[in-house]
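1. for reference, the sequence and a predicted model appear below.
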Amino acid sequence: MNITIIFCLGFIIALIGVIPPGLLNMSAAKISLKDGHPAGIVFSIGVCLVVFLQTYIAAMFARYLSNHKDVIEILQRVAFVIFVLITIYFLVVAKNKHKAEVEPNETSKGSRFFQGIFLSAINVFPIPYQSYMTITIATFGWFAFDITSIVTYCSGAATGTFTMLYFYIFFFDKINSKTLTSQKTMNYSIGVITGIVSIFTFINILMDL
């Protein structure tokens, strides 16, 4: 598989996963507003370092699962149910919840780097998300589990994450007062993304029948 395509897949998949306003991108944006853009970028670099490692772990886990087709079939069905429930939750149940503010403490750039590492490390969602997505694109023949492809994909994922964080850092002051940062919009954004993943999962299950 062409490494450029694999890099782009990692970039796009990670970018989509970070689009909804959440802990990492909102923290990056508010750090930028409070301490300046360089501090936000340093924070984002720390985040992306962990994202690279998390994606690598996810890909290695996915490679193991790819050799156990029966386990993959079970996980696909479980993932489908989970993504559907998450979609319903964010589109229907969570739309009336209040926005939770993330107020980062004032620290040095070095501390911002380690803060990025820490917040990204406790955000373990990328591991199951990337495990599922790498298995899915491998099923379609778009990804191979050799070391070159895995490192390329991880690099794309880290770059995609940084790109979206960069967007939040430099445009948050322009969109802060708009509906993009409202809790309702955040919930709908997450719901739409998990809904799309649910559709792809369902199609994949049908193809295996």
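-> Looks like it arrived, so ask away.

2. any idea which helix or strand carries residue 128?
-> Take DSSP states H and E as the rule and residue 128 turns out to sit in helix 126-139.

3. can you tell me what sits against that helix?
-> The contact list for helix 126-139, computed with C-beta atoms under 8 Å, 6 or more residues apart in numbering, reads 9, 13-14, 17, 51, 54-55, 57-59, 61-62, 65-66, 72, 75, 79, 143-145, 153, 157, 197, 200-201, 204, 207. C-beta here means a position set from N, CA and C on the backbone, and glycine is covered the same way.

4. and with 6 Å instead?
-> 9, 13, 17, 54-55, 57-59, 61-62, 79, 143 (C-beta atoms under 6 Å, 6 or more residues apart in numbering).

5. where is pLDDT lowest across these?
-> The member of the contacts of helix 126-139 with the lowest pLDDT is residue 79, at 71.

6. which residues touch that one?
-> Residue 79 neighbours (C-beta under 6 Å, 6+ apart): 132, 201.

7. quick check: phi and psi at it.
-> Backbone torsions for residue 79, taken as degrees, to the nearest 10, come to phi -60, psi -40.

8. all helices for the chain, in order.
-> Taking DSSP state H, the helices of the chain run over residues 3-18, 23-35, 37-66, 69-88, 109-122, 126-139, 147-175, 183-208.

9. how about the most centrally placed residue in the chain, what does it touch?
-> Centroid check for the chain by C-alpha atoms, centre = their mean gives residue 17 as the closest residue, at 3.2 Å. Shown in contact with residue 17 (C-beta under 6 Å, 6+ apart): residue 129.

10. distance check, it against residue 11.
-> From residue 17 across to residue 11, the span is 11 Å (C-beta to C-beta, to the nearest Å).

11. repeat for residue 82
-> To residue 11, residue 82 is 25 Å away according to C-beta to C-beta.

12. which of the two has more neighbours?
-> Per other C-beta atoms under 10 Å, whichever of residue 82 and residue 11 has more neighbours is residue 11, with 20 against 17.

13. what's the distance between that one and residue 117?
-> Distance from residue 11 to residue 117, by C-beta to C-beta: 21 Å.

14. so where's this protein shaky on pLDDT?
-> 1, 21, 68-72, 75-76, 90, 93-110, 173-190, 208-209 (pLDDT under 70).
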